[in-house]
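*Asks:* Pasting a predicted model and its sequence here:
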Amino acid sequence: MKWLVLATATAAATAAAATDPRRLQWEDNCVYNCPNEAWPWIDDGACDLECNIEACNWDGRDCFHDASECFEQSNGADYRGKVDHTKSGRTCQAWAEQMPWHHTMTVFDYPDAGLGGHNYCRNPTGRESGPWCYTTDYPDVEWEECDVGEPKK
């Protein structure tokens, strides 16, 4: 029964996201700014920002190829490294995915937080405890903090 409830909730959330005006606007930008059914910006070596969004097949490899483990803010809100597991070793769920955990931490709601088609630890809301991620450990652990080191001084 839990699966049915989860599937129903996920389907409702997916339907709501499909009509979200922000998503529609970004999809329009994708069509008008990057018109080509072959998505030529994927793996082209450039971070073509207007094309590199979830609605246009996020090009995380191009946009995050200069990822750095260095960050300055004490809460890690500016962390853009590639740690992809929690402090206890759980694998992180990709931010652009809604399974196994449905969530609202997307590039649409947090466009400057470094979210996208990857599963690297981030701190989109700036919580004091530091970078974290949703885990793939369903149904046991929804999210957990990550060990990304200390900020540079």
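*Replies:* Structure received.
*Asks:* Low-confidence ranges, the protein, go.
*Replies:* Across the chain, residues meeting the criterion (pLDDT under 70) sit at 1-67, 153.
*Asks:* the helices in it, which residues?
*Replies:* 2-18, 21-33, 60-63 (DSSP state H).
*Asks:* what does the domain assignment say about this structure?
*Replies:* 1-65, 67-153 (automatic domain parsing).
*Asks:* any idea how far C121 lies from S68?
*Replies:* Going from C121 to S68 by C-beta to C-beta, to the nearest Å gives 13 Å. Backbone N, C-alpha and C define where each C-beta goes, glycine included.
*Asks:* These two: which has the busier surroundings?
*Replies:* Set C121 next to S68 and count neighbours by other C-beta atoms under 10 Å: C121 wins out with 24 against 12.
*Asks:* these two touch, right, the more buried one and Y79?
*Replies:* Yes. Using C-beta atoms under 8 Å, C121 is in contact with Y79, at 6.9 Å.
*Asks:* Overlap in contacts, the two.
*Replies:* Jointly contacting C121 and Y79 under the rule C-beta atoms under 8 Å, 6 or more residues apart in numbering are P131, V148.
*Asks:* which parts of stretch 95-104 are buried?
*Replies:* W95, A96, Q98, W101, H102 (16 or more other C-beta atoms under 10 Å).
*Asks:* contacting residues for the residue nearest to the first one when sequence neighbours are not counted?
*Replies:* It refers to W95. The shortest distance from W95 to any non-neighbouring residue, by C-beta to C-beta, 6 or more residues apart in numbering, is to L115 (4.1 Å). Contacts for L115 were tallied using C-beta under 8 Å, 6+ apart; they are W95, A96, M105, T106, V107, R122, P124.
*Asks:* Ok, E69 next?
*Replies:* E69 touches G81, K82, V83, V148, G149, counting by C-beta under 8 Å, 6+ apart.
*Asks:* R127 and W143: what is the separation?
*Replies:* 10 Å.
*Asks:* okay, those two: which has more neighbours?
*Replies:* More crowded of R127 and W143, by other C-beta under 10 Å: W143, with 17 against 13.
*Asks:* Quick one: residues contacting that one.
*Replies:* Counting by C-beta under 8 Å, 6+ apart, W143 has contacts W101, W132, C133, Y134, T135.
*Asks:* which one of these sits closest to Q73?
*Replies:* Closest approach between those and Q73, by C-beta to C-beta: W132, at 14.4 Å.
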